[in-house]
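# Pasting a predicted model and its sequence here:
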Amino acid sequence: MKVDSWPGTNTTLAACGGKALIERPMGVSLGLAYTDGGTCYPGCILTGSGETSPDLKLMSAVHLEPSGVAIRMVGTAAATAPDTAFTDNEPFEFAPMGSGCVVAVKFTSNAGWFPGEFLISAGNGTGQGTLIAGTSAHTATSFQSHFLDIIGRAVTYQTDTSTPAGTYTYVYSLVRLSM
């Protein structure tokens, strides 16, 4: 998929082509984990903080250190629709942090960003991301306060994540996982 053709205003993964994993560098392995609850779905940011390995859960607070982004269920459940929550205690694949994978991540941020900008976990229990705090995003203080929440850098330009009517919503956007 060409980066400049990525649809940046869709609120479902199915509308973006149905896949959370867009690009995987050669030699990079995906992780295998189990869901802790039935609220994980492709494109969600996950953490293992406070979990017994190999369980992962949605980021429920800031500074929990993201483990990666959920990709898909495995086994017989792999045919599940892309916007369907994973079944509790079932195995799924995830793209680990630092892998360099380009993934579609669900975002809740009422601001736009440019390719290369740092994106973080919103840490609100929904597995969504946001842009680092607006005007102070490029200061050392802001970087330090958000360091543990960084999931990667934006791949595509995102103009705005609000609906045309201006209400708060979410979209899927491309992120290269780093840190």
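Everything's here; your move.
# immediately after the helix or strand of the chain at the bottom of the mean pLDDT ranking, which helix or strand?
One helix or strand of the chain scores below all others by mean pLDDT, DSSP states H and E: helix 140-146, with a mean of 70. Sequence-wise, the next helix or strand downstream of helix 140-146 (DSSP states H and E) is strand 150-154.
# what about that following strand, distance to the chain center?
Offset of strand 150-154 from its chain centre (Cα atoms, centre = their mean, to the nearest Å): 9 Å.
# just stretch 54-65 next, same as before
Here stretch 54-65 is found 12 Å from its chain centre; the criterion is Cα atoms, centre = their mean.
# Any idea how far apart the tips of that stretch sit?
Stretch 54-65 stretches 15 Å from its first residue to its last (Cα to Cα, to the nearest Å).
# What of stretch 122-130?
Using Cα to Cα, first and last residues of stretch 122-130 are 5 Å apart.
# and if you look at stretch 97-113?
End-to-end distance of stretch 97-113 (Cα to Cα): 20 Å.
# Pull the contacting residues for the residue most central in space within the chain.
Centroid check for the chain by Cα atoms, centre = their mean gives V105 as the closest residue, at 3.3 Å. For V105, the contact set (Cβ atoms under 8 Å, 6 or more residues apart in numbering) comprises 20, 43-45, 69, 119, 128-129, 151, 172-175. Heads up, the C-betas are built off the backbone N, CA and C, glycines and all.
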